[in-house]
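> Predicted structure and sequence below. I'll ask about it afterward.
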Amino acid sequence: MPLRLFNTSSRMKEEIDVSGEEVTIYACGITPYSPSHIGHARQAVAFDTLVRWLRFQGVRVRYVTNFTDISDTIIDASKGEGVDFLEVANRHISDYRISMKHLNVLDADAYPRVTESIDGIISMIETLIEKGNAYLGEDGVYFEIDTAPEKYGRLTGQTLEMVRSGAGGRVASTGAGKRDHRDFALWKIAKPGEPSWDSPFGKGRPGWHIECSAMVHEHFGRQVDIHGGGSDLMFPHHEAEIFQSECCFDVQPFAKHWMHNGMINVDGEKMSKSLGNFWTISDAIDAVGPMVLRYALVNAPYRQPIDFNQVLLDDAEKNHGRLIESIISAGGIGEAKRWDGVESLVNAENSLVRGMEDDLNTRVAIAEMQSVVKILRQANSSQDSLMASACVGWLSAYAGDVLGLLPDEETLQRMVGRVSERRDEIRDKVESLIMMREDARAERNWEEADKIRDEISELGVVIEDGDSGATWRMKEF
RNA sequence: GCACGGAUGGCAGAGUAGCUAUGCAAGGGAUUGCAGAUCCCUGGACCCGGGUGCAAAUCCCGGUCCGUGCUCCA
């Protein structure tokens, strides 16, 4: 069964056509003017989930995401710091890439940058001017909305008239070079001291929207299968792209499928710098670690808004901890086996696949994963190593390959090694302490027993009083 | 104001007509002390008002509330 994905354009779930040679995916990436925030992480994880799922199903995918490495915000930041704008951009791009690695976001096949795509941008603008869709104003080149009014509202359902009236009257009057306030900039003439590139329309820099049209074209040609980004980009950014690409290359639709991920709120409010409730990716990783952050992000389906708060993180931490702990107790991924014929695991698999095929419902996937973790813990405690290794195999595939929630195998094995090494080191000591504690308990000397328990706890060991005496395991891994 | 999306148990969050979602929290039990950990069990929900159906959280109509967007700004 192929993937059915919600298409913003039709507002329906539609099957992704995987019959071609490969599926092409383009996601609008970040503008690197400040440290990346968890909203960026969510966008990246959402598209990573899409890419992972298709590849897991054996579909060839080519995935491209960009960096908008020139913008007013970057120029402002560079002025503030007194450094070159590229230094600002490069620093944040590099931080972003490191964070993505920690979050198990697979590398894209290409990371085009605006500053490296100027030729393609200029040539598109030239074509749009030749075709009469764009005009040169006094401070830049603008796309003229009235040349393609039928393209209005493809994603947001707004009509030309609605936007003409303009945001309930909040929009200021038409800017300097524009004929109509709904027209948007393709090229901005540089002010003195601003970074600029030569062009037939004067020295300047690209407008915000044209870059993505140009980069999609450079990597995928006239059409892309799936295009998207955060839902805040639907208007005006993605609608502007539709105007530019479809008019420039005489193609329709420019993107066969539009995918948009939901936003993140913090404690019920919109996340913003002015409210002081801003979480950078680094903040979140420092607080709970990258895998727990990813867990929190895939715990909700990608289109749902997420309310980011302490409860969410605690929940994610607890559940993700159980996942890792159960795998380590079973000896790590090295012990993995197939699970064919194990009915409970096959059922969990079927349900997960059905969920993922239905618009990447990672919430259902997590629920099934949790049920397998439960089975694994039971298998661990009853020493059923066959069942345990089947569960580990299942988790390696679905929690690992599909959801990206497991550290790489080497790291995991190192954890297993560290735990078992430490366990061997303190085994004799712990077991003699446990015996002493049992003696104390038999004499009902609770004070002594509790003292010994504290001592054991200090070694990083958890005691579990069970019906066949006390067992113990390592607390940390 | 307009557009799009949403409203499910204490919380997060699935489910689109009849069948346990899942996890956390809560309650009960087991583990012959307490705490913890572990295991077993349980209760509890479908924003409001109408309508269609044998049957509605699920479909239709109306309302309320919330989120996002509404231009040169992710």
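Yep, that arrived. Residues are numbered from 1 along each chain as shown, chains lettered A, B, ... in the order given.
> ok now stretch A:310-324, how far from the chain's centre?
18 Å (CA atoms, centre = their mean, to the nearest Å).
> Averaged pLDDT, it. What do you get?
The pLDDT scores in stretch A:310-324 average 88.
> close to RNA strand B, is it?
Yes: contact between stretch A:310-324 and RNA strand B, assessed by CB under 7 Å from any atom of the strand, occurs at A:V311, A:L312, A:D314, A:D315, A:K318, A:N319, A:R322. For glycine as for every other residue, the C-beta is placed from the backbone atoms N, C-alpha and C.
> Give me the buried subset of those.
A:L312, A:N319 (16 or more other CB atoms under 10 Å).
> out of the residues of stretch A:310-324 next to RNA strand B, which one sits closest to A:R414?
Distance to A:R414, by CB to CB, is smallest for A:R322 among those, at 19.7 Å.
> Could you check how far A:E357 is from RNA strand B?
In this view, A:E357 and RNA strand B are 11 Å apart by CB to the nearest atom of the strand, to the nearest Å.
> ugh, wrong one, A:V83
According to CB to the nearest atom of the strand, A:V83 stands 18 Å off from RNA strand B.
> I'd assumed that residue was in a helix, is it?
No: in this structure, A:V83 is coil, not part of a helix, as judged by DSSP: H, G, I helix; E, B strand; the rest coil.
> can you count the residues close to it?
The tally of other residues near A:V83 (other CB atoms under 10 Å) stands at 12.
> next one: A:H181
As a burial measure, A:H181 scores 16 neighbours (other CB under 10 Å).
> any chance you could map the helices in the stretch 301-450 of chain A?
A:310-329, A:343-357, A:362-381, A:385-395, A:409-442, A:446-458 (DSSP state H, counting those that start in this stretch).
> just the ones you listed: most buried one?
helix A:385-395 (a mean of 23; mean count of other CB atoms under 10 Å).
> what sits up against that one?
Residues from elsewhere that reach helix A:385-395, judged by CB atoms under 8 Å, 6 or more residues apart in numbering: A:323, A:326-327, A:330-333, A:335-339, A:342, A:345, A:348-349, A:369, A:372-373, A:375-376, A:379-380, A:406.
> Repeat that for stretch A:123-132.
By CB under 8 Å, 6+ apart, stretch A:123-132 touches A:134-136, A:141, A:143-144, A:147, A:186-187, A:199-201, A:210, A:213-214, A:217, A:244, A:247-248.
> Which of those residues are buried? Put it as a PyMOL command.
Here is the PyMOL command that selects only those of these that count as buried (16+ other CB under 10 Å):
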select buried, chain A and resi 134+135+136+141+143+144+147+186+187+199+201+210+213+214+217+244+247+248
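> So which of the contacts of stretch A:123-132 sit within strands?
Those of the contacts of stretch A:123-132 mapping onto strands are A:A134, A:Y135, A:L136, A:V141, A:F143, A:L186, A:W187, per DSSP state E.
> so how far is A:E368 from the fifth one?
So the one you mean is A:F143. Distance, A:F143 to A:E368, by CB to CB, to the nearest Å: 47 Å.
> could I get the helices of the stretch 301-450 of chain A as CSV with distance to A:V51?
As requested, these are exported to CSV (distance: least, CB to CB, whole Å):
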stretch, distance to A:V51
helix A:310-329, 22
helix A:343-357, 13
helix A:362-381, 13
helix A:385-395, 20
helix A:409-442, 20
helix A:446-458, 44
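> can you pull the contacts of A:P32?
With contacts defined as CB under 8 Å, 6+ apart, A:P32 is in contact with A:F67, A:T68, A:D69, A:I74, A:V88, A:A89, A:N90, A:R91, A:H92, A:I93, A:Y96.
> List only those of those residues flagged as buried.
Using 16+ other CB under 10 Å, the buried ones in the contacts of A:P32 are A:F67, A:T68, A:D69, A:I74, A:V88, A:A89, A:H92, A:I93, A:Y96.
> Farthest-apart pair in the residues you listed, please.
Spanning the widest gap among those are A:I74 and A:Y96, at 13.6 Å by CB to CB.
> my read: A:I242 touches A:R154, true?
Yes: using CB atoms under 8 Å, A:I242 is in contact with A:R154, at 5.4 Å.
> Tell me how far the closest residue in space to A:D183 that isn't next to it in sequence lies from A:V311.
Nearest non-adjacent residue to A:D183, counting by CB to CB, 6 or more residues apart in numbering: A:Y142, 4.3 Å away. A:Y142 sits at a distance of 47 Å from A:V311 (criterion: CB to CB).
> Quick one: residues contacting A:K178.
By CB under 8 Å, 6+ apart, the contact list for A:K178 reads A:G137, A:Y142.
> Would you mind giving the secondary structure of it?
A:K178 is classified as coil under three-state DSSP.
> And A:A89, by the same measure?
Once three-state DSSP is applied, A:A89 turns out helix.
> before we move on, the earlier item: which one, of the helices of the stretch 301-450 of chain A, ends up nearest to A:V224?
For A:V224, the closest of the helices of the stretch 301-450 of chain A is helix A:343-357, at 21.7 Å, according to CB to CB.
> same for that closest one, what does it pack against?
Counting contacts by 3 or more CB pairs under 8 Å, 6 or more residues apart in numbering; DSSP states H and E, helix A:343-357 is packed against helix A:362-381, helix A:385-395.
> contacts for that helix?
With contact meaning CB under 8 Å, 6+ apart, helix A:343-357 is reached by A:1-4, A:53, A:339-340, A:361-365, A:368-369, A:371-372, A:375, A:390-391, A:394, A:398, A:402.
> same thing with stretch A:76-95?
Stretch A:76-95 is contacted from outside by A:30, A:32-36, A:67, A:69-70, A:74-75, A:115, A:195, A:282, using CB under 8 Å, 6+ apart.
> how about 6 Å then?
A:P32, A:Y33, A:F67, A:D69, A:I74, A:I75, A:P195 (CB atoms under 6 Å, 6 or more residues apart in numbering).
> okay, now the second one: neighbour count?
This means A:Y33. Neighbours of A:Y33 using other CB under 10 Å come to 20.
> now A:K256
17.
> Could you do A:I70 as well?
Counted with other CB under 10 Å, A:I70 comes out at 25.
> my read: it touches A:V114, true?
Yes: at 5.3 Å, A:I70 counts as touching A:V114 under the criterion of CB atoms under 6 Å.
> how near is the nearest residue to A:W53 once chain neighbours are set aside to RNA strand B?
Using CB to CB, 6+ apart and skipping the chain neighbours, the partner closest in space to A:W53 is A:M356 (5.5 Å). Separation of A:M356 from RNA strand B (CB to the nearest atom of the strand) stands at 11 Å.
> hang on, the earlier thing: kindly tell me how buried the residue nearest to A:D183 is, as a neighbour count.
By other CB under 10 Å, neighbour count at A:Y142 equals 25.
> next one: A:D180
Other residues near A:D180 come to 12 when the count uses other CB under 10 Å.
> Can you list the low-confidence ranges for the stretch 101-250 of chain A?
Within the stretch 101-250 of chain A, the ranges that satisfy pLDDT under 70 run A:160-176.
> Give me the pLDDT value at A:L275.
Looking at A:L275, the pLDDT reads 67.
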